[in-house]
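Engineer: attaching a predicted model along with its sequence, questions to come.
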Amino acid sequence: MPFVAVAPAGSLEPCRIYGSVYLERDPRRRGFCFGAVYEEPEEAFADVLVFPESNKLFADKAGLWYLTDARDFADYVLFVSDNRSLADFSIHYTKVRSFAGCRKN
């Protein structure tokens with residue numbers, strides 16, 4: 001299970017996020033989140049391609065996320081921002097498991 005701690009400003013690495021993830025959409029709870037993401041509509045501009053796993057045990061690599069409804073049991077809590085410039089990184093959902101992961105720069 002990944003180690004979850006509050007990240008210092010500017011040191012969030014999206015390629016290290018995997019496991020169970022809760023997506024917070026309430027702006028009042030943004031301060032309690034690990035980081036902020038923007039759901040990119042286009043695959044070409046996303047930092048991370050996310051494959052939503054149906055089983056938490058298979059979410060063991062970057063981009064493989066088990067999206068949970070329980071905030072308290074998630075490895076990471078990420079705030080979903082409507083504004084791209086306020087997000088730490090952007091994600092795009094993929095339907096192919098092998099495409100999941102970080103984009104190579």
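Structural biologist: The structure has been received and is ready for your questions.

Engineer: from what I see, Arg84 and Ala36 are in contact.
Structural biologist: No: counting by Cβ atoms under 8 Å, Arg84 stays clear of Ala36, with 10.2 Å between them. C-beta: built from backbone N, CA, C; applies to glycine.

Engineer: okay, the two: which has more neighbours?
Structural biologist: Ala36 (17 against 11; other Cβ atoms under 10 Å).

Engineer: who does that one bridge with?
Structural biologist: Beta-bridge pairing for Ala36 (DSSP bridges): Phe79.

Engineer: who's in contact with it?
Structural biologist: Arg30, Leu78, Phe79, Val80, Ser81, Leu86, Ala87, Asp88 (Cβ atoms under 8 Å, 6 or more residues apart in numbering).

Engineer: for the residue lying closest to Thr94 once chain neighbours are set aside, give me phi and psi.
Structural biologist: Leaving out its chain neighbours, the residue that sits closest to Thr94 by Cβ to Cβ, 6 or more residues apart in numbering is Leu49, at 4.7 Å. With angles defined as degrees, to the nearest 10, Leu49 sits at phi -90, psi 120.

Engineer: run a quick neighbour tally on Leu49.
Structural biologist: Neighbours of Leu49 (other Cβ under 10 Å): 19.

Engineer: if I look at it, how far off is Cys15?
Structural biologist: Applying Cβ to Cβ, to the nearest Å, the value for Leu49 to Cys15 is 11 Å.

Engineer: same check on Gly63?
Structural biologist: In terms of Cβ to Cβ, Gly63 sits 8 Å off from Cys15.

Engineer: can you check Ile91 too?
Structural biologist: For Ile91 relative to Cys15 (Cβ to Cβ), the value is 12 Å.

Engineer: and those two? Which one has more around it.
Structural biologist: In terms of neighbours (other Cβ under 10 Å), Ile91 is the more surrounded of Ile91 and Cys15; the figures are 23 against 14.
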